[in-house]
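S.K.: Predicted model and sequence below, questions to follow.
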Amino acid sequence: MEDGKLTVRAVERALDILLCFAEAEDLSLTEISGRVSLHKSTVHRLLASLEGKGFIIRDPASERYRLGFRIWELSANLTHSDDPALILLPEMERLRDQLGETISLYVRDGLERVRVQAVQSNQAIRRVAPIGARLPLYVGASSKVLVAFEAAEAQLALLRDPAWPQAVATAAFLQQLQEVKTLGYATSVEEREPGAAAVSAPILARGGRLIAALAASGPSNRLTVEKMKEFAPLLMEAARRMGKMLK
């Protein structure tokens, strides 16, 4: 039994190491050790195992680590024909050209939202949205959409989760969610990131099931409240078209 627990712990630690590379292209042993809060010797052993299986590559010159090609082999199996991130990409590019701002697609994962697709703005000054970024679900336009349009039971369970910030589960926040659902879209100005603004609308499948949040984001001095109100009908119409494209 004890051996089984140790094996599970080793797997969890190895996965934590891989997740470090969601926010960095390459890392040193010291950097990885600090991020996962493990001793360097432990991290070194796990990295050696991951390297042996092709999940990690070590640069002998710089002694820095990066993801190996085995990761890309696994990710290839995610590109199914029913993947919203692929199906909706042409529509997202069309919307980017129409609005001139960065377009992102978010889905909920527990108490976070994950950017699963993004089309960067062509403007010189723009908001860069890395795919795979995980963001808190209690702040930002897309977070409001993902919570407001969630099924009632799931929304209640979300707000009652012990890990959900109690300061956010207030009457004012619930009122804000209701307003978002009434309007059909949400906006945010410098809520999560200084100098950034976003407007978001839900992508609903047939029957009203929430699939994702579609967002346009950019510098707050360009994407003003007035401009977001102007963009909102275009964003909602694009989201409606996308919903019809999904099963």
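M.R.: That came through, no problem.
S.K.: and the helix or strand D16 falls within, what does it pack onto?
M.R.: Applying DSSP states H and E as the criterion places D16 in helix 2-20. Judged by 3 or more Cβ pairs under 8 Å, 6 or more residues apart in numbering; DSSP states H and E, helix 2-20 is in contact with helix 29-36, helix 40-52. All C-beta atoms are positioned from the backbone trio N, CA, C, and that covers glycine.
S.K.: And V189, how far from E230?
M.R.: V189 sits 15 Å away from E230 when distances are taken as Cβ to Cβ, to the nearest Å.
S.K.: neighbours around G52, how many?
M.R.: Residues near G52, counting by other Cβ atoms under 10 Å, number 9.
S.K.: neighbouring contacts of the helix holding D16?
M.R.: The contact list for helix 2-20, computed with Cβ atoms under 8 Å, 6 or more residues apart in numbering, reads 27, 31-32, 35-36, 38, 42-43, 46-47, 49-50, 55-56, 67, 71.
S.K.: List only those of the residues you listed flagged as buried.
M.R.: Buried members of these, scored by 16 or more other Cβ atoms under 10 Å, are 27, 32, 35-36, 38, 43, 46-47, 50, 55-56, 67, 71.
S.K.: which residues in the protein form helices?
M.R.: 2-20, 29-36, 40-52, 69-75, 84-87, 89-99, 141-148, 152-160, 171-183, 225-245 (DSSP state H).
S.K.: Just say which of the ones you listed is most tucked in.
M.R.: By mean neighbour count, with neighbours taken as mean count of other Cβ atoms under 10 Å, helix 141-148 ranks first of the helices of the chain at a mean of 26.
S.K.: May I have the residues that are in contact with A198?
M.R.: A198 neighbours (Cβ under 8 Å, 6+ apart): G140, A141, S142, T187, S188, A215, A216, S217, G218, L223, M228.
S.K.: pLDDT score for it?
M.R.: With respect to pLDDT, A198 has a value of 96.
S.K.: Show me the beta-bridge partners of it.
M.R.: S188, S217 (DSSP bridges).
S.K.: can you list the buried ones among the contacts of helix 2-20 in a markdown table and add distance to L235 and pLDDT?
M.R.: Formatted as a markdown table, those follow (distance: Cβ to Cβ, whole Å; pLDDT from 0 to 100):
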| residue | distance to L235 | pLDDT |
| --- | --- | --- |
| L27 | 37 | 94 |
| I32 | 39 | 96 |
| R35 | 36 | 94 |
| V36 | 39 | 94 |
| L38 | 43 | 95 |
| V43 | 44 | 96 |
| L46 | 44 | 96 |
| L47 | 43 | 96 |
| L50 | 41 | 95 |
| F55 | 38 | 93 |
| I56 | 40 | 94 |
| L67 | 34 | 90 |
| I71 | 33 | 82 |
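S.K.: Done for today, thanks.
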